[in-house]
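Asks: Test case, fold it:
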Amino acid sequence: MRCTLWFLVCALWSVVAWSQQQRFEIRSAYVERTEGVYQLNATLVFELPDGAREAIREGSPLTLDLDIVLHRSRRLWLDESVASLEQHYEVSFHALSERYLVRNLNSGEQSSFPTLDAALDSLRVISNLPILDQSLVVPDSRHEISLRAHLDVRTMPDALRFIVFWANDWRQSTEWYTWSPQI
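Replies: Residues are numbered from 1 along each chain as shown. A predicted model of the protein is given here:
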């Protein structure tokens, strides 16, 4: 009985430790209107598992995806979907220059960093990402924005994707972060 209880306590502690280690969440998000365009600003909290870090060093790019959805609340009918956007960022290692590259796959914009941690830090803070034209917003209506982030392992070579399919720490995803901005 004592051994069984001890085993359960150890198992519970390891699950709690693992889940704290694998924290992946949206800490904050808001939009600002600049010259008729609403821009998203968000802060993500995440750590890549050791396997993902090693895969990047070995030349396999990883993609961080952002899903953004804007709804207009209606009183007597279902909410209206105003807009949705998928934003994709790729992190890769350039062996010749020994630099880490972060590329916005939607715009093609690319930045170079000396370390993987510096590259990941640039992804943790999303600044001034244009998401919506002001003309799509109905004045004096209540709107909701939902944001979710996840790692995409589909960009990996087939042999590596087969191996990581069985590893849960490669399929990190945040919960939906939803708020009602004053727009």
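Asks: Residue 105 contacts residue 90, doesn't it?
Replies: Yes: using CB atoms under 8 Å, residue 105 is in contact with residue 90, at 5.5 Å. C-beta here means a position set from N, CA and C on the backbone, and glycine is covered the same way.
Asks: Can you check which residues contact both of those two?
Replies: The contact sets of residue 105 and residue 90 overlap at residue 63 (CB atoms under 8 Å, 6 or more residues apart in numbering).
Asks: Contacts only, for the residue nearest the centre of the chain.
Replies: Nearest to the mean C-alpha position of the chain, by CA atoms, centre = their mean, lies residue 149 at 2.7 Å. Residues near residue 149 by CB under 8 Å, 6+ apart: 24, 26, 44, 46, 64, 65, 66, 67, 173, 174.
Asks: Please convert the residues you listed to a markdown table, extending it with secondary structure.
Replies: Formatted as a markdown table, these follow (DSSP: H, G, I helix; E, B strand; the rest coil):
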| residue | secondary structure |
| --- | --- |
| 24 | strand |
| 26 | strand |
| 44 | strand |
| 46 | strand |
| 64 | strand |
| 65 | strand |
| 66 | strand |
| 67 | strand |
| 173 | strand |
| 174 | coil |
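Asks: among those, which ones are buried?
Replies: Neighbour counting by 16 or more other CB atoms under 10 Å classes 24, 26, 44, 46, 64, 65, 66, 67, 174 among the contacts of residue 149 as buried.
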